[in-house]
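Visitor: quick one, fold the following:
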Amino acid sequence: MADVQKSTRNRQDFENTLDSSDANVASFVYEQKGFVAKAQHFLHGNPTMVPVIVLVASVIIFGLIAGERFFSPFNLSLILQQVSIIGILAAAQSLVILTAGIDLSVAAIMVLMSVISGKLAVELGVPAPLALLIGFGGGIGAGLLNGFLVTKIKLPPFITTLGTWNIFYALMLWLSGAQSIRGEDIDNTAPLLKIFGQAISVGSARITFGSILMVIVFAVLWYLLNKTAWGRHVYAIGDDKEAAELAGIRTDRTLISVYALAGLVAAIGAWASIGRVGSISPTSFYEGNLQSITAVVIGGISLFGGRGSILGALFGALIVGVFQSGLRLAQVDVLWQVFAIGWLIIIAVAIDQWIRKVSS
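Guide: Below is the predicted model:
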């Protein structure tokens with residue numbers, strides 16, 4: 001009898017131990033899920049933190065690999081110079097992607113407007129300020145065409161801007177005759193076109209006016225998107241266009257203004273690109289569309305629209321610049337630099353999908 005009672009107590013103790021163990025495991029899993037959920041909600045509310053974390057980590061890692069050469073003021077300022085034009089294009093691209101669209105024509109608009117301004121100022125003798133204003137107007141007009149086709153003709157943004165990319169590119173080749181305008185000719189007739197290639201020296205660092213312009217463009221667009229009713233409408237359209245219409249937002253007019261502003265930003269980039277390259281070339285920045293989308297995606301702006309900060313595109317462009325500079329200093333072949341950027345894009349999209357899935 002005593003043996004039976006002892007066996008019963010041992011079994012009960014064992015079951016209690018299992019229950020306690022299960023409770024501990026459940027508590028651990030709960031805490032783990034709680035941490036993941038908190039991290040996800042934090043990133044959902046602060047999407048810019050993802051590229052910031054990646055940028056800081058990239059700087060630390062490549063600093064350890066390349067040493068003092070990477071952290072030299074000259075190299076850091078060189079990264080800013082290298083990403084300035086793609087950064088401006090990424091700013092234009094971000095405006096459209098925030099509305100759940102995409103603009104494959106921004107680079108073509110930029111190069112076309114640089115050719116138009118250059119032809120007018122250098123070859124036809126039009127005063128440089130007027131030539132630039134005409135280029136800005138042309139950029140707005142190109143954006144209005146995209147916006148009209150998307151909103152009034154109801155064409156998908158991808159197909160629309162793919163078509164206009166070909167149109168603008170063909171016009172650029174026709175106007176330029178596939179010939180560059182030399183830097184010497186610009187210097188002799190319209191030096192204002194190259195002003196953003198000039199730099200301020202701070203020790204061994206060289207801060208170009210083009211880099212400063214990029215920061216100003218992002219600052220202005222951040223203000224418009226975060227401090228104005230227009231910006232709130234842009235986010236609302238990207239989040240849910242039908243709901244935005246029910247709320248009384250004039251979605252078509254807002255979308256047209258977004259594409260027009262993107263065209264203007266691309267035209268501003270055209271001016272900066274002349275200073276960056278030192279001439280006007282029909283083949284410059286031919287990969288600008290893909291690079292701008294890369295910066296936007298890595299910057300944490302959702303391709304589904306309605307979420308992300310335009311400052312993320314700036315950080316995304318800087319991440320690409322840091323990777324390219326760090327890998328170059330580490331003497332990694334250009335092929336593998338492109339390979340690394342490709343993985344960055346995939347990881348960035350995966351993080352965005354994870355954040356959206358958990359938040360829902």
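
Visitor: geometric centre of this structure: which residue is closest?
Guide: By CA atoms, centre = their mean, the mean C-alpha position of the chain lies nearest to Val296, the distance being 2.5 Å.

Visitor: where does the stretch 251-360 of the chain have low pLDDT?
Guide: Applying pLDDT under 70 to the stretch 251-360 of the chain picks out residues 356-360.

Visitor: hang on, I meant the stretch 1-150 of the chain
Guide: The model of the stretch 1-150 of the chain has pLDDT under 70 over residues 1-33, 35-36, 39-47.

Visitor: quick check: phi and psi on Lys152?
Guide: phi -90, psi -40 (degrees, to the nearest 10).

Visitor: for the residue nearest to it when sequence neighbours are not counted, helix, strand, or coil?
Guide: Computed as CB to CB, 6 or more residues apart in numbering, the closest residue to Lys152 that is not its neighbour in sequence is Asp252, at 7.1 Å. All C-beta spots, glycine's among them, are computed from the backbone N, C-alpha and C. State at Asp252, reduced to three classes by DSSP: H, G, I helix; E, B strand; the rest coil: helix.

Visitor: what is the burial count for Asp252?
Guide: Using other CB atoms under 10 Å, the number of residues around Asp252 comes to 16.

Visitor: re the thing from before, please identify which helix or strand holds the residue nearest to the centre of the chain.
Guide: Assigned by DSSP states H and E, Val296 belongs to helix 288-298.

Visitor: that helix - contacts with which helices or strands?
Guide: On a contact count with 3 or more CB pairs under 8 Å, 6 or more residues apart in numbering; DSSP states H and E, helix 288-298 meets helix 73-97, helix 106-118, helix 310-329, helix 334-359.

Visitor: run the last query once more with 10 Å
Guide: Secondary-structure packing of helix 288-298 (3 or more CB pairs under 10 Å, 6 or more residues apart in numbering; DSSP states H and E): helix 49-66, helix 73-97, helix 106-118, helix 157-176, helix 251-277, helix 310-329, helix 334-359.

Visitor: if we can go back for a sec, check contacts around the residue nearest to Lys152.
Guide: By CB atoms under 10 Å, 6 or more residues apart in numbering, the contact list for Asp252 reads 147-148, 150-152, 237, 241, 245.

Visitor: how about those residues in TSV, adding distance to Val54 and secondary structure?
Guide: Below are the contacts of Asp252 laid out as TSV (distance: CB to CB, whole Å; DSSP: H, G, I helix; E, B strand; the rest coil):
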residue	distance to Val54	secondary structure
Gly147	32	helix
Phe148	37	helix
Val150	32	helix
Thr151	35	helix
Lys152	39	coil
Ile237	28	helix
Lys241	30	helix
Glu245	36	helix
